[in-house]
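In: no sequence for this one, just the structure:
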Ligand SMILES: O=C(O)[C@H]1O[C@H](OP(=O)(O)OP(=O)(O)OC[C@H]2O[C@@H](n3ccc(=O)[nH]c3=O)[C@H](O)[C@@H]2O)[C@H](O)[C@@H](O)[C@@H]1O
């Protein structure tokens, strides 16, 4: 016979087992007996619920009072100041993931030309948060304020839109990394799906609605073999959960465009690299290991084929992002209602010149003047794809996107930054 607990809490969430209603009734009568006892019990329960609710609200208010890292007159003043536009026809942009690699570069570029920029970042520890803090100082020095918070915090996002009428949102906050998705799958759902929806909900309700430009990924092409990858190619064979969440993001943004009239531009970035980059990426971790005299693992594909990536330099990506903001077109909705069709666009932002991973290593050796200890390993089945190669003609036509930095030149700039940031001490980087 099922226990009372099993009866009261059905095993399938969201589905109540109606056929058990009779049994529940029986338990209920056994517990509560006569009508007067039932009345007393009901009174007791109402009093209990009321005191529980007031206690909850007390705990919530006081914890907000003691722990809130946002809110208040001074905070709002900083946000408004940071969002101020200093050129004619400029924009005020909310940049999510502003302390991240691409986010910090895009924020600086926008500020430099006179646009208003407010950043938001949760400073999580997926990689060394001190690098994110250093990027934050860089932005602060240019007058850009970064709110410390998560895009899943709907109240915070709503407050930001209440404080500033953002014309654009540059959404770059995400759980990045292809292989880490096997270790921590839920962080991808949290940031790339739940966080995206929370942000879009705020954008759709904002008055006026902003235009949204956001980071998708070259990984949506998954196991495709036809090269170069074009925007119209199939994207239904993701090789990693990361890729699947980015693909989901493309579908989710499409529905917000369709239902609410949000102007949406999705950018499929191809392995972005450069100064202030991400330490989890191969070019960065290879540099660290080569300098420390440690071996590096170089993956190889089927039949020992070299893996290749369409490595794209950060300055080119920034131009693509800014070009997307400039050409995004307006959202049409207001009060959460669509008033007409709005643009929905997707662009590849790559270099359209793939380079193999062993060649990447040789270039690093040349710039670092240190030999690498290569360890060739068969590519594990962990979400990697053998190659990427972008067709960028659409971005060229619509955004004027034209990458100008080849991998050798870009890596030289990266190595120069790396050595100035981490230092160089007899082949051992400080860190
Ligand atoms: O283009 C993209 O969409 C993606 O680009 C990168 O993903 P990935 O291309 O895998 O970049 P890396 O992690 O730097 O790897 C580059 C190449 O080096 C290889 N690799 C990586 C790590 C390693 O230890 N050894 C190694 O040979 C990988 O297999 C891959 O072929 C980013 O990490 C993703 O966040 C981004 O979305």
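Out: That came through, no problem. In this text, all values refer to a predicted model and were calculated from it rather than measured experimentally.

In: got the contact list for stretch 249-264?
Out: With CB atoms under 8 Å, 6 or more residues apart in numbering as the contact definition, stretch 249-264 has outside contacts at 192-193, 196-197, 200, 203-204, 209, 211-214, 216, 220, 235, 266, 328-333, 336-346. Bear in mind the C-beta positions are built from the backbone N, C-alpha and C, glycine included.

In: Out of the residues you listed, which sit inside strands?
Out: Using DSSP state E, the members of these that fall in strands are 211-214, 216, 266, 344-346.

In: Please tabulate those in CSV, including the columns distance to the ligand, pLDDT and neighbour count.
Out: Shown next, in CSV, are the ones in strands among the contacts of stretch 249-264 (distance: CB to the nearest ligand atom, whole Å; pLDDT from 0 to 100; neighbours: other CB atoms under 10 Å):
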residue, distance to the ligand, pLDDT, neighbour count
211, 23, 98, 26
212, 19, 99, 28
213, 16, 99, 29
214, 13, 99, 25
216, 8, 98, 24
266, 12, 99, 23
344, 20, 98, 17
345, 18, 99, 20
346, 13, 99, 19
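
In: For the closest residue to residue 204 other than its chain neighbours, grab phi and psi.
Out: Counting by CB to CB, 6 or more residues apart in numbering, residue 260 is the residue found nearest to residue 204 once chain neighbours are left out, at 4.1 Å. With angles defined as degrees, to the nearest 10, residue 260 sits at phi -110, psi 0.

In: got any ranges where the chain has weak pLDDT?
Out: 1-68, 425-431 (pLDDT under 70).

In: which residues touch the residue nearest the centre of it?
Out: Closest to where the C-alpha atoms of the chain average out (CA atoms, centre = their mean) is residue 174, at 1.6 Å. By CB under 8 Å, 6+ apart, the residues touching residue 174 are 97, 191-192, 195, 215, 246.

In: Swap in 10 Å and give it another go.
Out: Residues near residue 174 by CB atoms under 10 Å, 6 or more residues apart in numbering: 96-97, 100, 102-103, 151, 187-188, 191-192, 195-196, 214-217, 242, 245-246, 249.

In: okay, now residue 348: neighbour count?
Out: Using other CB atoms under 10 Å, the number of residues around residue 348 comes to 30.

In: Actually, residue 277.
Out: 20.

In: ok, which residues in the stretch 201-350 of the chain are in contact with the ligand?
Out: 217-219, 269-271, 281-282, 297-299, 307, 309 (CB under 6 Å from any ligand atom).

In: Mind checking which of these are in helices?
Out: Members of these lying in helices (criterion: DSSP state H): residue 282.

In: Got a ChimeraX select line for the buried ones in the residues of the stretch 201-350 of the chain next to the ligand?
Out: To isolate the buried members of these in ChimeraX, using 16 or more other CB atoms under 10 Å:
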select :217,218,219,269,270,271,281,282,298,299,307,309
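
In: I'd assumed residue 101 was in contact with residue 277.
Out: Yes: contact criterion CB atoms under 10 Å: residue 277 and residue 101 qualify, at 5.3 Å.

In: shared neighbours of these two, which are they?
Out: 131, 284, 314.

In: what are the ranges of the strands in the stretch 151-300 of the chain?
Out: Here the stretch 151-300 of the chain has its strands, by DSSP state E, counting those that start in this stretch, at 168-171, 211-217, 264-269, 272-273, 295-300.

In: what's the distance between the last one and the middle of its chain?
Out: Translated: strand 295-300. On the basis of CA atoms, centre = their mean, to the nearest Å, strand 295-300 sits 27 Å off its chain's mean C-alpha point.

In: Can you list the neighbours in contact with it?
Out: Under CB under 10 Å, 6+ apart, the answer for strand 295-300 is 179, 282, 285-290, 306-307, 356-358, 360-361, 364, 372-380, 382, 384, 386.

In: So what's the residue count around the closest residue to residue 247 other than its chain neighbours?
Out: Ranked by CB to CB, 6+ apart and with sequence neighbours excluded, the top spatial neighbour of residue 247 is residue 220, at 4.7 Å. By other CB under 10 Å, the residues close to residue 220 number 27.

In: For residue 220, give me its contacts.
Out: By CB under 10 Å, 6+ apart, the residues touching residue 220 are 229, 231, 233-238, 242-250, 266, 268, 346.

In: Next up, phi/psi of the nearest residue to residue 218 once chain neighbours are set aside, please.
Out: Take residue 218 and drop its neighbours on the chain: the residue closest to it by CB to CB, 6+ apart is residue 270, 4.3 Å away. Reported as degrees, to the nearest 10, the phi and psi values for residue 270 are phi -110, psi 100.

In: wouldn't residue 270 be in contact with residue 314 here?
Out: No: the criterion here is CB under 10 Å, and residue 270 misses it with residue 314 at 12.0 Å.

In: sorry, back to before: could you identify the buried members of the contacts of residue 174?
Out: By neighbour count, with 16+ other CB under 10 Å, those hold 96-97, 100, 102-103, 151, 187-188, 191-192, 195-196, 214-217, 242, 245-246, 249 as buried.

In: coming back round to it: so which of the contacts of strand 295-300 are in strands?
Out: Cross-referencing these against strands under DSSP E gives 356, 373-378.

In: what's the closest of these to residue 399?
Out: residue 356 (28.2 Å; CB to CB).

In: dump the residue contacts of the closest one.
Out: 298, 300, 305-309, 362, 387.

In: Please determine how far it is located from residue 234.
Out: From residue 356 across to residue 234, the span is 25 Å (CB to CB, to the nearest Å).

In: What's the ChimeraX line that selects buried ones from the ones in strands among the contacts of strand 295-300?
Out: Buried residues within the ones in strands among the contacts of strand 295-300, by 16+ other CB under 10 Å, are selected in ChimeraX with:
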select :356,374
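
In: Tabulate the ones in strands among the contacts of strand 295-300 (a markdown table), appending distance to the ligand.
Out: What follows is these, written out as a markdown table (distance: CB to the nearest ligand atom, whole Å):
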| residue | distance to the ligand |
| --- | --- |
| 356 | 9 |
| 373 | 13 |
| 374 | 10 |
| 375 | 9 |
| 376 | 9 |
| 377 | 8 |
| 378 | 11 |
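
In: Which of the ones in strands among the contacts of strand 295-300 sits closest to residue 168?
Out: residue 356 (37.3 Å).
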